[in-house]
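>>> have a look at this fold, sequence not included:
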């Protein structure tokens, strides 16, 4: 089906409503799973569908359909539904006409062009490592990919088309020595299948380091000076502050608006946090959101001062602020809501080795299992090290890092010059029932003067 031609022929101005838009998505995904050396699943899934929004009589009306060839019929159904209710004023302020954007650029390297058996072979060729890595108790080798084409048209004149292409490989295992267990995983993200070549040595070296944690002692709970790697910085930024920046959580909550007042000093002056959907070849790639607002660099905190938040058209109208390009839907089955894209702390100027010297006697955290956030946050790390004589020293075991968002943002003492934006093709961000949405996060290594460790 030529989706673009079909949208070109769709005249949205003829429908009797305040506003209508149409989003069409064609998605191709595939996955492979080997569990303890045995192939347990492999498959491909093509999906084509459309989401229609219509605003009339003071209300939104939605429709999700796989009958993409019948869009006019679906819109007419919504118009008829809107006529059945008591009309109220149309308070929704129409979005700007953001013009036409054609950004289809990834088809040449689209992962759906690669045969499934080649993806199975990619996992299969790493099976010999199961006998080369000492102490393996169980293992999981996974591959996943997604190529998505997205098309949009609204009654105010905005149109866009862009594509998204990502894949991930993960080799995870639990190591066992006596009664001691340690679970860890090697992962690689790619927008080109060739990026998965020659990973064997990297995987073996990775798990050689993991094996050191089998004999690691457990840290005594308490408050420590810490250095967070770019990966941990990213999940801290996403969980502790990113969700707090999504403006829909403020709707109808004057206390939240007061607590997060723009212009307030909420962090140290070395801290600047950004959300931006323009980072190509990342899992946060969203060059224009699902309401037709182009991505831009949004400073949420700049030099410690709260300077912005993330918006849809609706939340921006209600709070009297600018749209930010953060109205996103998980897929064509859902309406767009306020979501992050690529959220990160900007890099600083302090060399990493100087950061370690400043954290003498503290702890360094390298990667993580999971995190959660709100006014308080928790991060469950995988690898942690003591810092001695300005260097990473012996490995230690830590269960959880936790703290208050407000307190921790003000305790960031320095940001290193080793900025890294982290992407993942596995999982994503969850909000309400829409999960997992692809996002990216990251930053530099950062020094925090005090965090609770348990």
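Cool, the structure landed. In this text, all values refer to a predicted model and were calculated from it rather than measured experimentally. Numbers count the residues shown, from 1 in each chain.
>>> and the residue nearest to residue 305 when sequence neighbours are not counted, how many residues sit next to it?
Leaving aside its chain neighbours, residue 305 sits nearest to residue 265 (5.7 Å; criterion: Cβ to Cβ, 6 or more residues apart in numbering). Glycine gets a C-beta too; all of them are placed from N, C-alpha and C. Using other Cβ atoms under 10 Å, residue 265 is surrounded by 13 other residues.
>>> for residue 265, give its distance to residue 388.
From residue 265 across to residue 388, the span is 34 Å (Cβ to Cβ, to the nearest Å).
>>> what's the answer for residue 51, then?
The gap separating residue 51 from residue 388 is 55 Å, by Cβ to Cβ.
>>> so which of the two has more stuff around it?
A direct count of neighbours by other Cβ under 10 Å for residue 51 and residue 388 places residue 51 higher, at 23 against 13.
>>> quick one: the helices in the stretch 201-350 of the chain?
230-236, 254-259, 313-319 (DSSP state H, counting those that start in this stretch).
>>> what do you get for the stretch 1-150 of the chain?
All helices of the stretch 1-150 of the chain, identified by DSSP H, counting those that start in this stretch, fall at 3-8, 71-82, 116-124, 129-132.
>>> picking that back up, looking at the helices of the stretch 201-350 of the chain, which is buried most?
Greatest average neighbour count among those goes to helix 230-236 (a mean of 26), per mean count of other Cβ atoms under 10 Å.
>>> quick one: contacts of that helix?
Applying Cβ atoms under 8 Å, 6 or more residues apart in numbering, the set of residues contacting helix 230-236 from outside is 228, 343-345, 365-368, 371, 377, 379, 381, 408, 418-422, 440-446.
>>> now stretch 88-105
By Cβ under 8 Å, 6+ apart, the surrounding residues in contact with stretch 88-105 are 18-19, 55-60, 149, 154, 156-163, 287-288, 291-294, 313-314, 317, 323.
>>> low-confidence regions, this protein specifically.
For the chain, applying pLDDT under 70 flags the ranges 373-374.
>>> give the closest residue to the residue of it positioned farthest from its centre in space, chain neighbours not counted.
Here the centre of the chain is the reference, and by Cα atoms, centre = their mean the most remote residue is residue 86, at 40.3 Å. Excluding the flanking residues, the one nearest residue 86 by Cβ to Cβ, 6+ apart is residue 57, at 7.5 Å.
>>> test my guess that that neighbour contacts residue 84.
No: taking Cβ atoms under 8 Å as the definition, residue 57 is not a contact partner of residue 84, at 9.1 Å.
>>> of the two, which one has the most company?
With neighbours defined as other Cβ under 10 Å, residue 57 and residue 84 compare such that residue 57 has more, 17 against 7.
>>> can you give me the separation between that one and residue 89?
Taken as Cβ to Cβ, the span from residue 57 to residue 89 is 9 Å.
>>> one more: residue 330?
31 Å.
>>> one more: residue 287?
For residue 287, the distance to residue 89 equals 34 Å [Cβ to Cβ].
>>> more neighbours: the two, which one.
Comparing residue 287 with residue 89 by other Cβ under 10 Å, the one with more neighbours is residue 287, at 19 against 8.
>>> tell me the contacts of the closest residue to that one other than its chain neighbours?
Computed as Cβ to Cβ, 6+ apart, the closest residue to residue 287 that is not its neighbour in sequence is residue 295, at 5.2 Å. Neighbouring residues of residue 295 by Cβ under 8 Å, 6+ apart: 276, 277, 278, 286, 287, 288, 289, 325, 341.
>>> next, give phi and psi for the second one.
The one in question is residue 277. phi -90, psi 0 (degrees, to the nearest 10).
>>> can I assume it is in contact with residue 286?
Yes: counting by Cβ under 8 Å, residue 277 does reach residue 286; the two are 3.6 Å apart.
>>> overlap in contacts, these two.
The contact sets of residue 277 and residue 286 overlap at 295, 325, 341 (Cβ under 8 Å, 6+ apart).
>>> from those residues, pick the one nearest residue 122.
Comparing the shared contacts of residue 277 and residue 286 against residue 122 with Cβ to Cβ places residue 341 closest, at 28.5 Å.
>>> what count of nearby residues applies to the closest one?
30.
>>> and it, how close does it get to residue 256?
According to Cβ to Cβ, residue 341 and residue 256 sit 22 Å apart.
>>> for residue 443, what are its contacts?
Counting by Cβ under 8 Å, 6+ apart, residue 443 has contacts 230, 233, 234, 237, 344, 345, 346, 347, 415, 419, 420.
>>> backbone phi and psi for it, please?
Torsion angles, degrees, to the nearest 10, at residue 443: phi 150, psi -160.
>>> just list the residues touching the nearest residue to it once chain neighbours are set aside, thanks.
In space, and not counting its chain neighbours, residue 443 is closest to residue 345: 3.4 Å by Cβ to Cβ, 6+ apart. Contacts were defined as Cβ under 8 Å, 6+ apart; by that measure residue 345 touches 233, 237, 271, 272, 273, 274, 415, 442, 443, 444, 446.
>>> burial count for the residue nearest to residue 267 when sequence neighbours are not counted?
Nearest in space to residue 267, with sequence neighbours left out and distances taken as Cβ to Cβ, 6+ apart, is residue 409 at 3.8 Å. Neighbour count of residue 409, defined by other Cβ under 10 Å: 23.
>>> how is residue 409 assigned, secondary-structure-wise?
Assigned with DSSP: H, G, I helix; E, B strand; the rest coil, residue 409 falls in the helix class.
>>> how far away is it from residue 304?
Separation of residue 409 from residue 304 (Cβ to Cβ): 8 Å.
>>> repeat for residue 454
To residue 304, residue 454 is 28 Å away according to Cβ to Cβ.
>>> so for these two, which residue has more residues nearby?
Remark: of residue 454 and residue 304, residue 304 carries more neighbours, 19 against 12, as counted by other Cβ under 10 Å.
>>> number of nearby residues for the closest residue to residue 58 other than its chain neighbours?
Nearest residue to residue 58, sequence neighbours excluded (Cβ to Cβ, 6+ apart): residue 88, at 3.1 Å. Using other Cβ under 10 Å, the number of residues around residue 88 comes to 10.
>>> ramachandran angles for residue 88?
Backbone torsions of residue 88, given as degrees, to the nearest 10, read phi -130, psi 160.
>>> again, but for the one 10 residues further on
Reported as degrees, to the nearest 10, the phi and psi values for residue 98 are phi -90, psi 10.
>>> surely residue 58 is in contact with residue 87?
Yes: assessed by Cβ under 8 Å, residue 58 is found in contact with residue 87 at 7.0 Å.
>>> so these two - more neighbours on which side?
Legend: neighbour count by other Cβ under 10 Å for residue 58 and residue 87, higher for residue 58 (15 against 11).
>>> gap between residue 264 and residue 158?
Taken as Cβ to Cβ, the span from residue 264 to residue 158 is 34 Å.
>>> between the two, which is the more surrounded one?
It is residue 158, of residue 264 and residue 158, that has more neighbours when counted by other Cβ under 10 Å, with 21 against 14.
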